[in-house]
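S.K.: Quick one, fold the following:
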Amino acid sequence: MKIGIPTEIKAQEGRVALLPVQVRALVTGGNELFVQSGAGLLAGASDTDYAAAGATILSTASEVYETAELIVKVKEILPPEFDLLKEHHILLTNIHSANDRRQLDQLMKVGLIAISAEDTHQFGSPNCPLAGEVGAFEGVRLSLATHGGTGRHFMAHFGAPAAKAIVLGLGHVGRGALRTLISLGVEVVGLDISPGARKQAELDWHNTSFRAAPITDLADHLADADMIFNCVMWPKHRDDHLVSRTDLAKLKRTAVIVDISCDEGGAIETSRPTTWQEPVYVEDGIRHFCVDNIPGAVPVTSSAGYAAALLPHITSIALHGPLEACRRDPWLARGLTCARGVLTHKEAATVQGRKFTAAADYLSE
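M.R.: Reported below is the predicted structural model:
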(Lines give C-alpha, C1' and ligand atoms only; values in the text may rest on other atoms or scores of the structure.)
Protein backbone atom coordinates (compact mmCIF):
# COMPACT_ATOMS: atom_id res chain seq x y z
CA MET A 1 0.00 0.00 0.00
CA LYS A 2 1.12 3.56 -0.67
CA ILE A 3 1.24 5.38 2.67
CA GLY A 4 1.67 9.14 3.01
CA ILE A 5 2.90 11.23 5.94
CA PRO A 6 2.27 14.96 5.45
CA THR A 7 3.70 17.69 7.64
CA GLU A 8 1.29 18.81 10.37
CA ILE A 9 0.05 22.36 9.85
CA LYS A 10 -1.67 23.02 13.17
CA ALA A 11 -0.02 25.93 15.00
CA GLN A 12 3.10 24.82 16.90
CA GLU A 13 2.39 21.12 16.30
CA GLY A 14 5.75 19.37 16.07
CA ARG A 15 4.62 15.75 16.11
CA VAL A 16 4.82 13.39 13.17
CA ALA A 17 2.66 10.32 12.62
CA LEU A 18 5.47 7.84 11.94
CA LEU A 19 9.17 7.88 12.68
CA PRO A 20 11.86 6.22 10.54
CA VAL A 21 11.78 3.02 12.62
CA GLN A 22 8.11 2.46 11.75
CA VAL A 23 8.71 3.50 8.15
CA ARG A 24 11.40 0.87 7.82
CA ALA A 25 9.08 -1.81 9.22
CA LEU A 26 6.34 -0.88 6.76
CA VAL A 27 8.71 -0.74 3.81
CA THR A 28 10.11 -4.14 4.78
CA GLY A 29 6.52 -5.39 4.75
CA GLY A 30 6.18 -4.42 1.11
CA ASN A 31 4.62 -0.96 1.40
CA GLU A 32 5.68 2.32 -0.19
CA LEU A 33 6.11 5.28 2.14
CA PHE A 34 5.95 8.91 1.06
CA VAL A 35 7.02 11.60 3.53
CA GLN A 36 6.68 15.34 3.06
CA SER A 37 10.00 17.09 3.38
CA GLY A 38 10.54 18.39 6.90
CA ALA A 39 7.63 16.43 8.39
CA GLY A 40 9.75 14.93 11.16
CA LEU A 41 12.24 17.67 11.91
CA LEU A 42 10.76 18.83 15.22
CA ALA A 43 10.37 15.18 16.26
CA GLY A 44 14.07 14.57 15.69
CA ALA A 45 13.79 12.83 12.30
CA SER A 46 15.38 14.35 9.20
CA ASP A 47 14.59 13.73 5.56
CA THR A 48 17.85 11.82 5.38
CA ASP A 49 16.69 9.55 8.20
CA TYR A 50 13.42 8.79 6.40
CA ALA A 51 15.17 8.20 3.09
CA ALA A 52 17.57 5.79 4.77
CA ALA A 53 14.54 3.92 6.16
CA GLY A 54 13.23 3.48 2.62
CA ALA A 55 10.79 6.38 2.24
CA THR A 56 10.44 8.65 -0.75
CA ILE A 57 10.68 12.32 0.20
CA LEU A 58 8.18 14.62 -1.51
CA SER A 59 8.36 18.40 -1.45
CA THR A 60 4.74 19.34 -0.80
CA ALA A 61 1.63 18.10 0.96
CA SER A 62 -0.24 18.04 -2.35
CA GLU A 63 2.30 15.55 -3.72
CA VAL A 64 1.85 13.32 -0.68
CA TYR A 65 -1.95 13.33 -0.94
CA GLU A 66 -1.81 12.84 -4.70
CA THR A 67 0.51 9.84 -4.41
CA ALA A 68 -0.68 8.00 -1.31
CA GLU A 69 -3.77 5.91 -0.61
CA LEU A 70 -3.46 5.81 3.18
CA ILE A 71 -2.87 9.21 4.80
CA VAL A 72 -1.52 8.99 8.34
CA LYS A 73 -1.50 12.14 10.47
CA VAL A 74 -1.52 13.32 14.07
CA LYS A 75 -4.06 16.14 14.07
CA GLU A 76 -7.40 16.78 12.42
CA ILE A 77 -7.80 17.87 8.81
CA LEU A 78 -7.78 21.66 8.73
CA PRO A 79 -9.49 23.80 6.05
CA PRO A 80 -6.29 24.40 4.01
CA GLU A 81 -6.07 20.62 3.60
CA PHE A 82 -9.69 20.04 2.58
CA ASP A 83 -9.08 20.20 -1.16
CA LEU A 84 -6.25 17.66 -0.90
CA LEU A 85 -8.63 14.87 0.12
CA LYS A 86 -9.76 12.38 -2.51
CA GLU A 87 -12.44 9.71 -2.56
CA HIS A 88 -9.90 6.87 -2.70
CA HIS A 89 -8.12 8.04 0.43
CA ILE A 90 -8.04 6.22 3.75
CA LEU A 91 -7.46 8.71 6.56
CA LEU A 92 -6.06 7.70 9.95
CA THR A 93 -5.60 10.58 12.35
CA ASN A 94 -7.06 12.20 15.48
CA ILE A 95 -10.27 13.56 13.97
CA HIS A 96 -12.35 14.55 17.03
CA SER A 97 -15.32 14.87 14.71
CA ALA A 98 -18.07 15.37 17.30
CA ASN A 99 -17.13 19.01 17.87
CA ASP A 100 -16.00 19.71 14.31
CA ARG A 101 -18.98 19.54 11.99
CA ARG A 102 -17.20 21.40 9.20
CA GLN A 103 -14.43 18.83 9.03
CA LEU A 104 -16.87 15.92 9.23
CA ASP A 105 -18.99 17.43 6.45
CA GLN A 106 -15.91 17.56 4.25
CA LEU A 107 -14.89 13.98 4.97
CA MET A 108 -18.36 12.73 4.14
CA LYS A 109 -18.64 14.93 1.05
CA VAL A 110 -15.37 13.55 -0.33
CA GLY A 111 -16.52 10.00 0.38
CA LEU A 112 -13.25 8.67 1.77
CA ILE A 113 -12.82 6.21 4.64
CA ALA A 114 -11.84 8.00 7.85
CA ILE A 115 -10.70 6.39 11.09
CA SER A 116 -10.33 8.42 14.29
CA ALA A 117 -7.06 7.35 15.86
CA GLU A 118 -8.09 8.68 19.27
CA ASP A 119 -10.74 5.97 19.53
CA THR A 120 -8.48 3.04 18.61
CA HIS A 121 -6.19 2.82 21.64
CA GLN A 122 -7.06 -0.26 23.68
CA PHE A 123 -4.89 0.82 26.61
CA GLY A 124 -5.34 4.56 26.25
CA SER A 125 -3.49 7.01 24.05
CA PRO A 126 0.24 7.05 24.73
CA ASN A 127 0.09 10.83 24.56
CA CYS A 128 -2.41 11.09 27.46
CA PRO A 129 0.22 10.80 30.22
CA LEU A 130 2.39 13.34 28.40
CA ALA A 131 -0.52 15.77 28.20
CA GLY A 132 -1.05 15.43 31.93
CA GLU A 133 2.62 15.89 32.74
CA VAL A 134 3.17 18.93 30.52
CA GLY A 135 -0.22 20.43 31.43
CA ALA A 136 0.68 20.20 35.11
CA PHE A 137 4.00 21.91 34.43
CA GLU A 138 2.16 24.77 32.72
CA GLY A 139 -0.21 25.08 35.67
CA VAL A 140 2.68 25.35 38.09
CA ARG A 141 4.29 28.00 35.90
CA LEU A 142 1.05 29.98 35.80
CA SER A 143 0.73 29.80 39.59
CA LEU A 144 3.79 32.03 39.94
CA ALA A 145 3.05 35.64 40.79
CA THR A 146 4.92 36.85 37.69
CA HIS A 147 2.21 35.18 35.57
CA GLY A 148 -0.71 36.40 37.67
CA GLY A 149 -0.76 33.43 40.03
CA THR A 150 -1.10 33.15 43.77
CA GLY A 151 2.62 33.36 44.38
CA ARG A 152 2.80 30.21 46.45
CA HIS A 153 5.91 28.16 45.80
CA PHE A 154 5.23 24.66 44.58
CA MET A 155 7.06 23.35 47.67
CA ALA A 156 6.40 24.20 51.31
CA HIS A 157 9.08 26.49 52.72
CA PHE A 158 9.64 28.56 55.88
CA GLY A 159 6.25 27.67 57.27
CA ALA A 160 4.44 28.85 54.12
CA PRO A 161 2.31 26.11 52.57
CA ALA A 162 2.94 24.56 49.18
CA ALA A 163 0.75 25.47 46.24
CA LYS A 164 -2.54 23.58 46.20
CA ALA A 165 -3.96 21.81 43.17
CA ILE A 166 -7.15 19.98 42.27
CA VAL A 167 -6.90 17.20 39.69
CA LEU A 168 -10.23 16.15 38.18
CA GLY A 169 -10.05 12.59 36.90
CA LEU A 170 -7.47 9.96 37.83
CA GLY A 171 -7.13 8.17 34.51
CA HIS A 172 -4.08 8.28 32.25
CA VAL A 173 -4.14 12.07 31.92
CA GLY A 174 -4.78 12.71 35.60
CA ARG A 175 -2.08 10.33 36.71
CA GLY A 176 0.32 12.09 34.39
CA ALA A 177 -0.55 15.37 36.06
CA LEU A 178 -0.05 13.79 39.48
CA ARG A 179 3.45 12.61 38.54
CA THR A 180 4.53 16.18 37.82
CA LEU A 181 2.72 17.88 40.68
CA ILE A 182 3.61 15.46 43.45
CA SER A 183 7.25 15.27 42.40
CA LEU A 184 7.44 19.06 42.75
CA GLY A 185 5.87 19.02 46.19
CA VAL A 186 2.49 20.52 45.29
CA GLU A 187 -0.34 19.65 47.70
CA VAL A 188 -2.82 17.76 45.54
CA VAL A 189 -6.35 16.45 45.94
CA GLY A 190 -7.39 14.06 43.20
CA LEU A 191 -11.11 13.65 42.49
CA ASP A 192 -12.70 10.79 40.60
CA ILE A 193 -16.08 9.13 40.38
CA SER A 194 -14.46 5.69 40.65
CA PRO A 195 -13.59 4.34 44.13
CA GLY A 196 -11.13 1.98 42.46
CA ALA A 197 -9.28 4.81 40.74
CA ARG A 198 -9.10 6.76 43.99
CA LYS A 199 -7.83 3.76 45.95
CA GLN A 200 -5.17 2.96 43.36
CA ALA A 201 -3.94 6.55 43.33
CA GLU A 202 -3.74 6.58 47.13
CA LEU A 203 -1.70 3.38 47.06
CA ASP A 204 0.63 4.70 44.38
CA TRP A 205 1.22 8.02 46.13
CA HIS A 206 0.94 7.10 49.78
CA ASN A 207 3.08 9.08 52.19
CA THR A 208 3.10 12.12 49.86
CA SER A 209 1.18 15.39 49.62
CA PHE A 210 -1.59 13.60 47.72
CA ARG A 211 -5.04 12.64 48.88
CA ALA A 212 -8.04 11.36 46.96
CA ALA A 213 -11.71 12.26 47.29
CA PRO A 214 -14.97 11.57 45.49
CA ILE A 215 -15.94 14.01 42.76
CA THR A 216 -18.92 15.11 44.87
CA ASP A 217 -16.46 16.82 47.24
CA LEU A 218 -15.24 19.26 44.58
CA ALA A 219 -17.01 22.29 46.04
CA ASP A 220 -15.14 21.83 49.33
CA HIS A 221 -11.77 22.38 47.62
CA LEU A 222 -12.41 25.24 45.21
CA ALA A 223 -11.82 28.21 47.49
CA ASP A 224 -8.20 27.45 48.38
CA ALA A 225 -7.03 25.99 45.05
CA ASP A 226 -4.18 27.67 43.24
CA MET A 227 -4.58 25.38 40.22
CA ILE A 228 -7.41 23.24 38.85
CA PHE A 229 -6.57 20.59 36.26
CA ASN A 230 -9.33 18.99 34.26
CA CYS A 231 -8.36 15.53 33.06
CA VAL A 232 -11.89 14.24 32.38
CA MET A 233 -13.13 13.59 28.85
CA TRP A 234 -16.68 14.84 29.34
CA PRO A 235 -19.39 13.18 27.22
CA LYS A 236 -20.05 15.70 24.49
CA HIS A 237 -23.82 15.27 24.52
CA ARG A 238 -24.11 16.35 28.17
CA ASP A 239 -25.08 19.92 28.98
CA ASP A 240 -23.99 19.89 32.63
CA HIS A 241 -20.47 20.53 33.92
CA LEU A 242 -18.13 19.68 36.79
CA VAL A 243 -17.06 23.31 37.10
CA SER A 244 -19.79 25.72 36.06
CA ARG A 245 -19.50 29.40 35.29
CA THR A 246 -20.99 30.24 38.67
CA ASP A 247 -18.25 28.19 40.35
CA LEU A 248 -15.63 30.64 39.09
CA ALA A 249 -16.82 33.15 41.68
CA LYS A 250 -15.70 30.71 44.39
CA LEU A 251 -12.10 30.72 43.18
CA LYS A 252 -9.27 33.03 44.11
CA ARG A 253 -8.78 35.70 41.46
CA THR A 254 -5.20 34.38 41.14
CA ALA A 255 -6.23 30.77 40.53
CA VAL A 256 -5.75 29.16 37.12
CA ILE A 257 -7.79 26.48 35.35
CA VAL A 258 -5.81 24.14 33.11
CA ASP A 259 -8.21 22.15 30.97
CA ILE A 260 -6.02 19.36 29.64
CA SER A 261 -8.92 17.47 28.11
CA CYS A 262 -10.13 20.75 26.66
CA ASP A 263 -13.68 20.04 25.51
CA GLU A 264 -15.51 23.24 24.72
CA GLY A 265 -18.33 23.58 27.24
CA GLY A 266 -17.40 20.20 28.68
CA ALA A 267 -16.34 19.40 32.23
CA ILE A 268 -15.33 23.07 32.55
CA GLU A 269 -18.23 25.16 31.27
CA THR A 270 -16.04 28.14 30.37
CA SER A 271 -13.39 26.21 28.42
CA ARG A 272 -12.64 26.75 24.76
CA PRO A 273 -9.62 25.49 22.81
CA THR A 274 -6.55 27.71 22.56
CA THR A 275 -3.18 27.38 20.85
CA TRP A 276 0.38 27.56 22.07
CA GLN A 277 0.60 30.97 20.43
CA GLU A 278 -2.14 32.34 22.70
CA PRO A 279 -2.61 29.69 25.36
CA VAL A 280 -4.35 31.68 28.10
CA TYR A 281 -7.53 33.72 28.22
CA VAL A 282 -9.50 35.25 31.10
CA GLU A 283 -13.13 34.36 31.69
CA ASP A 284 -15.03 35.96 34.59
CA GLY A 285 -11.72 37.02 36.11
CA ILE A 286 -10.16 33.54 36.03
CA ARG A 287 -7.29 32.55 33.76
CA HIS A 288 -7.87 29.49 31.59
CA PHE A 289 -5.12 27.49 29.87
CA CYS A 290 -6.83 25.33 27.23
CA VAL A 291 -4.24 24.36 24.62
CA ASP A 292 -5.70 21.45 22.68
CA ASN A 293 -2.43 19.91 21.50
CA ILE A 294 -0.35 19.90 24.67
CA PRO A 295 1.78 16.86 23.65
CA GLY A 296 2.86 18.86 20.59
CA ALA A 297 5.23 20.70 22.93
CA VAL A 298 7.31 17.53 23.37
CA PRO A 299 7.24 16.15 19.81
CA VAL A 300 10.25 13.87 20.10
CA THR A 301 8.70 11.87 22.92
CA SER A 302 5.06 12.13 21.89
CA SER A 303 5.78 11.12 18.28
CA ALA A 304 7.59 8.02 19.49
CA GLY A 305 4.58 6.90 21.53
CA TYR A 306 1.98 7.78 18.90
CA ALA A 307 3.85 6.11 16.04
CA ALA A 308 4.39 2.91 17.99
CA ALA A 309 0.70 2.76 18.88
CA LEU A 310 -0.42 3.28 15.27
CA LEU A 311 1.96 0.84 13.62
CA PRO A 312 -0.12 -2.34 14.23
CA HIS A 313 -3.24 -0.62 12.86
CA ILE A 314 -1.41 0.66 9.79
CA THR A 315 0.11 -2.76 9.17
CA SER A 316 -3.32 -4.37 9.32
CA ILE A 317 -4.91 -1.76 7.03
CA ALA A 318 -2.12 -2.19 4.51
CA LEU A 319 -2.47 -5.97 4.58
CA HIS A 320 -6.25 -6.39 4.67
CA GLY A 321 -7.69 -3.05 3.56
CA PRO A 322 -9.41 -0.61 5.93
CA LEU A 323 -12.80 -2.29 6.28
CA GLU A 324 -11.52 -5.83 6.69
CA ALA A 325 -8.95 -4.55 9.18
CA CYS A 326 -11.82 -3.04 11.16
CA ARG A 327 -13.72 -6.33 11.02
CA ARG A 328 -10.68 -8.11 12.45
CA ASP A 329 -10.02 -5.60 15.21
CA PRO A 330 -12.90 -4.16 17.26
CA TRP A 331 -10.65 -1.39 18.57
CA LEU A 332 -9.88 -0.20 15.07
CA ALA A 333 -13.59 -0.44 14.26
CA ARG A 334 -14.32 1.88 17.21
CA GLY A 335 -12.53 4.59 15.26
CA LEU A 336 -14.41 4.14 11.99
CA THR A 337 -15.91 7.60 11.53
CA CYS A 338 -17.29 7.64 8.02
CA ALA A 339 -17.01 5.51 4.90
CA ARG A 340 -18.14 6.36 1.38
CA GLY A 341 -20.36 9.16 2.66
CA VAL A 342 -21.96 7.13 5.46
CA LEU A 343 -21.54 8.39 9.04
CA THR A 344 -20.57 5.54 11.37
CA HIS A 345 -19.47 7.44 14.48
CA LYS A 346 -22.11 7.36 17.19
CA GLU A 347 -20.74 10.21 19.32
CA ALA A 348 -20.52 12.60 16.37
CA ALA A 349 -24.04 11.66 15.30
CA THR A 350 -25.40 12.19 18.81
CA VAL A 351 -23.74 15.56 19.34
CA GLN A 352 -24.61 16.88 15.89
CA GLY A 353 -28.09 15.36 15.67
CA ARG A 354 -27.32 13.28 12.59
CA LYS A 355 -28.49 9.91 11.42
CA PHE A 356 -25.79 7.27 11.38
CA THR A 357 -25.16 3.62 10.71
CA ALA A 358 -23.41 1.79 13.53
CA ALA A 359 -19.91 0.74 12.51
CA ALA A 360 -20.69 -2.91 13.28
CA ASP A 361 -23.73 -2.80 11.00
CA TYR A 362 -21.83 -1.07 8.22
CA LEU A 363 -19.01 -3.60 8.41
CA SER A 364 -21.42 -6.52 8.33
CA GLU A 365 -23.00 -5.43 5.07
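
S.K.: And the helices in the chain, which stretches?
M.R.: Here the chain has its helices, by DSSP state H, at 20-28, 47-52, 61-67, 101-110, 127-142, 172-184, 195-204, 299-320, 322-328, 330-334, 346-352, 359-364.

S.K.: among those helices, which is nearest T274?
M.R.: Among the helices of the chain, helix 127-142 comes nearest to T274, with 11.3 Å by Cβ to Cβ. For every residue, glycine as well, the C-beta is placed using N, CA and C.

S.K.: what's the closest of the helices of the chain to R287?
M.R.: helix 127-142 (6.5 Å).

S.K.: Please identify the buried residues of the closest one?
M.R.: 127-140, 142 (16 or more other Cβ atoms under 10 Å).

S.K.: any idea how the protein splits into domains?
M.R.: 2-119+299-364, 128-296 (automatic domain parsing).

S.K.: Would you mind putting those domains into JSON lines with mean pLDDT alongside?
M.R.: Converted to JSON lines, the domains of the chain look like this (pLDDT from 0 to 100):
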{"stretch": "domain 2-119+299-364", "mean pLDDT": "97"}
{"stretch": "domain 128-296", "mean pLDDT": "94"}
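
S.K.: Turn the helices of the chain into TSV, including distance to R340.
M.R.: Shown next, in TSV, are the helices of the chain (distance: least, Cβ to Cβ, whole Å):
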stretch	distance to R340
helix 20-28	25
helix 47-52	32
helix 61-67	18
helix 101-110	9
helix 127-142	30
helix 172-184	33
helix 195-204	40
helix 299-320	16
helix 322-328	10
helix 330-334	16
helix 346-352	16
helix 359-364	9
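
S.K.: Nearest to A156, out of these?
M.R.: helix 172-184 (11.1 Å).

S.K.: and the angle from that closest one to helix 127-142?
M.R.: Orientation check (axes from the mean of the first three to the mean of the last three Cα atoms, to 10 degrees): helix 172-184 against helix 127-142 gives 40 degrees.

S.K.: what number of residues lie near the closest residue to R327 other than its chain neighbours?
M.R.: Excluding the flanking residues, the one nearest R327 by Cβ to Cβ, 6 or more residues apart in numbering is L363, at 5.1 Å. L363 has 17 neighbours, counted by other Cβ atoms under 10 Å.

S.K.: Could you say which one of the helices of the chain comes nearest to P6?
M.R.: Across the helices of the chain, closest to P6 is helix 61-67 (Cβ to Cβ), at 4.5 Å.

S.K.: quick one: buried residues of the closest one?
M.R.: A61, E63, V64, Y65.

S.K.: Ok, stretch 231-244 next?
M.R.: C231, V232, M233, W234, K236, H241, L242, V243.

S.K.: who touches it?
M.R.: With Cβ atoms under 8 Å, 6 or more residues apart in numbering as the test, stretch 231-244 has contacts from 98-99, 132, 167-171, 173-174, 176-177, 215, 218, 222, 228, 230, 257, 260-261, 263, 265-270, 347, 350-351.

S.K.: List buried members of these by neighbour count.
M.R.: 98-99, 132, 167-171, 173-174, 176-177, 218, 222, 228, 230, 257, 260-261, 263, 266-270, 347, 351.

S.K.: Keep only those of those that are in strands.
M.R.: Here DSSP state E is the test, and the buried ones among the contacts of stretch 231-244 give V167, L168, I228, N230, I257 as lying in strands.

S.K.: Nearest to I3, out of those: which one, please.
M.R.: Distances from I3 to those, taken by Cβ to Cβ, are shortest for N230, at 35.4 Å.

S.K.: My read is that that closest one contacts E269, right?
M.R.: No - using Cβ atoms under 8 Å, N230 is not in contact with E269, being 10.8 Å away.

S.K.: and the buried residues of helix 61-67 as JSON lines, adding distance to A17?
M.R.: Shown next, in JSON lines, are these (distance: Cβ to Cβ, whole Å):
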{"residue": "A61", "distance to A17": "13"}
{"residue": "E63", "distance to A17": "17"}
{"residue": "V64", "distance to A17": "11"}
{"residue": "Y65", "distance to A17": "14"}
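
S.K.: I'd like to know which of the helices of the chain is closest to I5.
M.R.: helix 61-67 (7.0 Å).

S.K.: Not counting its own residues, what contacts that closest one?
M.R.: So helix 61-67 is contacted by 2, 4-7, 9, 34-36, 58, 71, 81, 84-86, 89 (Cβ under 8 Å, 6+ apart).

S.K.: Name only those of the residues you listed that count as buried.
M.R.: 4-7, 34-36, 58, 71, 81, 84-85, 89.

S.K.: R15 and G321: what is the separation?
M.R.: 27 Å (Cβ to Cβ, to the nearest Å).

S.K.: Same question for A219.
M.R.: Counting by Cβ to Cβ, the separation of A219 from G321 is 52 Å.

S.K.: I figured A325 hits S316, correct?
M.R.: Yes - between A325 and S316 there is a contact at 4.2 Å, judged by Cβ under 8 Å.

S.K.: ok, back up a step: R15 and G321: who's more crowded?
M.R.: Per other Cβ under 10 Å, whichever of R15 and G321 has more neighbours is R15, with 29 against 15.

S.K.: contacting residues around the more buried one?
M.R.: Counted by Cβ under 8 Å, 6+ apart, R15 has contacts E8, L42, A43, V74, K75, P295, G296, P299, S302, S303, Y306.

S.K.: Sweet, I'm off.
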